[in-house]
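>>> structure for this input, please:
(chains A and B)
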There are 2 protein chains.
Amino acid sequence: MLGKRRRLALLAEARFTPFEAKTAVCVLRYRPEHVAAVIDSTRAGRTAGECAGVGGAIPVVADVAAAAAAGADSLAIGIAPQGGGLPEAWRAQVRESLERGWDVLSGLHVFLGDDPELAAAAARHGARIFDLRRPPTRRTVAAARAAELEALVVLTVGSDCNVGKMTAQLQIVGGLNKKGVRTRFAATGQTGILIEGWGIAVDAVVSDFVNGAAEQLVLEGSKDADIVMVEGQGSINHPGYSAVTLGLLHGSCPDAMILCHQATREYIGDYREASWLKIPPLSQYVRWYEAIGSAVHPTRVIGVCLNTYDMTEAQARSACEQAARETGLPATDPVRFDQTPLIEAILQARAASPKLRQSASPAVSPKWCP
Amino acid sequence: MLGKRRRLALLAEARFTPFEAKTAVCVLRYRPEHVAAVIDSTRAGRTAGECAGVGGAIPVVADVAAAAAAGADSLAIGIAPQGGGLPEAWRAQVRESLERGWDVLSGLHVFLGDDPELAAAAARHGARIFDLRRPPTRRTVAAARAAELEALVVLTVGSDCNVGKMTAQLQIVGGLNKKGVRTRFAATGQTGILIEGWGIAVDAVVSDFVNGAAEQLVLEGSKDADIVMVEGQGSINHPGYSAVTLGLLHGSCPDAMILCHQATREYIGDYREASWLKIPPLSQYVRWYEAIGSAVHPTRVIGVCLNTYDMTEAQARSACEQAARETGLPATDPVRFDQTPLIEAILQARAASPKLRQSASPAVSPKWCP
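Next up, the predicted model:
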């Protein structure tokens, strides 16, 4: 994880719930072997499993000292608050971690390495600050170069933020690699970067270069891979974040998309204080994403991922059936149920890809140029 | 212009042509009274009018000293190169300007104020560096607040970058204000900011906040105005810049859009070295922009602006007629021909706006929430 094996303390003070501490929860789900403790003084004494449904017996503790006693050697910020700053109440814990010589891993929009007090503490104690969202210094303008790759590029797209795009994708990547298909996960957010150890937080890139960052990511991810699974962000109709969504879509030039939705969610943003637009039918999203994605590179939605965490099993199965009926596409919750329908859809897309035919007969003109 | 009346030297060394020095040309077109000279040693001795078709007798000179002799008291960078850096050959001219105590106005992506050598020169000589693209320090996430305004919001959208969106719009804003309609131009790029003296360069904003920057701009621009004309950027199918385009569209929540196109252009990007996608029919753009714009706030295209600078008059008239026929919308070149069709389309949209009806009966729920 970013250069070495770690025993992380995940800082989630007063917010260690599945929706408020998304980063912490994802690290617990996919890299539990790297977590020593979760810090949340309001929940100290319980286990991660009891609070968040993941992480099993990993202890929730009150502070950095208790996390050290539990074996931690690094601190990771476990939340991604809207606006992106460091809650002032957390500053002391970050400072104390640095004073212990611990590295601090942060996905906040505000870079901790640029904070004079924290940077000085790090320098004094030989600790490092990893700002996972810091954009690459090299800025490029995208030119649909990702469309030229032999690897099949699959992007997750969604009906909103925080519907489970990354989780769905990590499940599918695991499933494909188990089948022996060389698949890489291209992380585009701080949590994915923390889990994978590489990636670009596209939402932190200056907007003129966000398509370009997505392109660079896919060019890098396609090395030694037959399938690149690109982590999607936001939603094409999200009032606040649609720019990031479209930059990813046009920069990564996916051949196929998987549409992600939280089955019970009715309004965009209703996991936060504001409920905005009503979420339209999934078939509307399929039309939007295919139309606007294909404006740069031909692409289609090949499957639907439902997040059914808050439904009974019967409700969840019924929601999957309904989504499949509505869209005519395979639909499942790959965390709860079998991932096979989505894995098969991806393998079929790979087998049918004009890219494979193109590499056999390379004389054709770029296929994204109609 | 940014706080005081100026006599600008426009730096366009070796690039003083209409397409390479877009910023210089626009300032010459709309603020010629603020320009003392253009610097381009390869064209020194000619006039701005001879080189670029605008600016009349304003002299083109070889260097900063000659511009000073022509009465200049400030330097403005007259280009916006892809990638956004300061050509190394221009550095000496910028430094010399600062050493003369001149303010330097720059729309480059790379901030001159952050350059240690130039910042030191400015401090030493009491000069100021205005980085027009520097984003606001306050970062906000958009929440479709612009949809709630009483003012009619009109956004220009395009088939590509650099097709004449801002120029078209400045013509229309001028025409509306002449008719006594309180209209404000909301600048979103460095050239518009230079001309208007305010605005936000949205393409320099971190992508998570680009929709929010557009929203802030419209909230500000609507003060004391009945119509806000928002400067569009890029194109919804531009491989490199579509993120900026969609951020503007969803952040500004336009009630109406004007579609801009350069009539002879066939490929996206063919004003640069790369020719990318073929530009589809205008009716396709109308469908794309209306579908994806209305996903957040109901909007429609109400007119077409053609840039016909490289056509004969007969060709230009024929192109306007064809665009009108294809789209069923008023179409004109507002620089070359009468702006009336577009001005009338805007006034009709204003008269028909549900916003006026809403302000009469404010009890309805937000109309962007279907």
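
>>> all helices for the stretch 151-300 of chain A, in order.
A:165-178, A:190-196, A:210-221, A:242-252, A:282-293 (DSSP state H, counting those that start in this stretch).

>>> give me the residue at the spatial middle of chain A.
residue A:166 (3.8 Å; CA atoms, centre = their mean).

>>> check contacts around that one.
For residue A:166, the contact set (CB atoms under 8 Å, 6 or more residues apart in numbering or on different chains) comprises A:26, A:156, A:187, A:189, A:191, A:192, A:231. For glycine as for every other residue, the C-beta is placed from the backbone atoms N, C-alpha and C.

>>> which ones are touching residue A:348?
Each residue near residue A:348 by CB under 8 Å, 6+ apart is listed here: residue A:302.

>>> pretty sure it sits in a strand.
No - according to DSSP: H, G, I helix; E, B strand; the rest coil, the state of residue A:348 is helix, so it is not within a strand.

>>> any stretches of the stretch 51-200 of chain A with poor pLDDT?
Low-confidence segments of the stretch 51-200 of chain A, defined by pLDDT under 70: A:81-84.

>>> all strands of it, in order?
With DSSP state E, counting those that start in this stretch as the definition, the stretch 51-200 of chain A shows strands at residue ranges A:60-61, A:74-77, A:103-106, A:129-131, A:152-158, A:183-186.

>>> tell me which strands the longest one pairs with, and in which orientation.
Right, strand A:152-158. Counting by DSSP bridges, the strands paired with strand A:152-158 are strand A:227-230 (parallel), strand A:256-262 (parallel).

>>> quick one: which of the contacts of residue A:166 is nearest residue A:283?
Distances from the contacts of residue A:166 to residue A:283 were compared by CB to CB; the smallest belongs to residue A:156, at 17.6 Å.

>>> just the closest of the contacts of residue A:166 to chain B, please.
Ranked by distance to chain B (CB to the nearest CB), the contacts of residue A:166 are led by residue A:189 at 10.6 Å.

>>> I'd say the closest one and residue A:161 touch.
No - here residue A:189 does not reach residue A:161: they are 10.1 Å apart, not a contact under CB atoms under 8 Å.

>>> so how far is residue A:133 from the closest residue to chain B within the stretch 251-370 of chain A?
When distances are taken as CB to the nearest CB, the stretch 251-370 of chain A reaches nearest to chain B at residue A:295, 3.7 Å away. Distance check for residue A:295 against residue A:133: by CB to CB, to the nearest Å, it reads 28 Å.

>>> how about residue A:238?
The gap separating residue A:238 from residue A:133 is 19 Å, by CB to CB.

>>> next one: residue A:260
Remark: distance between residue A:260 and residue A:133 (CB to CB) = 22 Å.

>>> ok, residue A:229 next?
When distance is defined by CB to CB, residue A:229 is 20 Å away from residue A:133.

>>> who's residue A:306 bridged to?
Beta bridges link residue A:306 to residue A:261 when assigned by DSSP bridges.

>>> isn't residue A:100 right up against residue A:124?
No - Residue A:100 is beyond contact range of residue A:124, at 11.7 Å (criterion: CB under 8 Å).

>>> those two: which is more packed in?
A side-by-side neighbour count of residue A:100 and residue A:124, using other CB atoms under 10 Å in any protein chain shown, places residue A:100 first with 17 against 11.

>>> what residues are up against the more buried one?
Taking CB under 8 Å, 6+ apart as the contact definition, residue A:100 lies against A:64, A:68, A:125, A:127.

>>> OK, contacts around residue A:184?
A:173, A:221, A:222, A:224, A:225, A:227, A:228, A:229.

>>> how many neighbouring residues does the last one have?
Here the count is done by other CB under 10 Å, and residue A:229 has 26 residues near it.

>>> hey, what's it bridged with?
Residues in a beta bridge with residue A:229, per DSSP bridges, are residue A:154, residue A:185.

>>> so where do the strands sit in the stretch 251-370 of chain A?
Counting by DSSP E, counting those that start in this stretch, the stretch 251-370 of chain A has these strands, from start to end: A:256-262, A:300-307, A:331-332.

>>> and the pLDDT for residue A:353?
The score at residue A:353 is 87. That number is its pLDDT.

>>> I figured it hits residue A:226, correct?
No - under the criterion of CB under 8 Å, residue A:353 makes no contact with residue A:226, lying 10.2 Å away.

>>> what is in contact with these two at once?
residue A:152.

>>> which residue packs closest to residue A:141, ignoring adjacent ones?
residue B:240 (4.2 Å; CB to CB, 6 or more residues apart in numbering or on different chains).

>>> ok, now which ones touch that neighbour?
If you count contacts by CB under 8 Å, 6+ apart, residue B:240 has them with A:141, A:142, A:143, A:208, A:211, A:212, B:234, B:269.

>>> let's see 10 Å
For residue B:240, the residues meeting the contact criterion (CB atoms under 10 Å, 6 or more residues apart in numbering or on different chains) are A:140-144, A:208-212, A:215, A:247, A:250-251, A:296, B:82, B:161, B:234, B:268-269, B:274, B:276.

>>> likewise residue A:345?
Residues counted as contacts of residue A:345 (CB under 10 Å, 6+ apart) are A:154, A:172, A:256, A:258, A:301, A:302, A:303, A:304, A:329, A:330, A:331, A:332.

>>> any chance of CSV for these, columns neighbour count?
As requested, the contacts of residue A:345 are arranged in CSV below (neighbours: other CB atoms under 10 Å in any protein chain shown):
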residue, neighbour count
A:154, 30
A:172, 25
A:256, 21
A:258, 27
A:301, 25
A:302, 21
A:303, 29
A:304, 29
A:329, 21
A:330, 20
A:331, 26
A:332, 25
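
>>> tell me the least confident of those residues?
Scanning the contacts of residue A:345 for pLDDT, the low point is residue A:172. It has 94.
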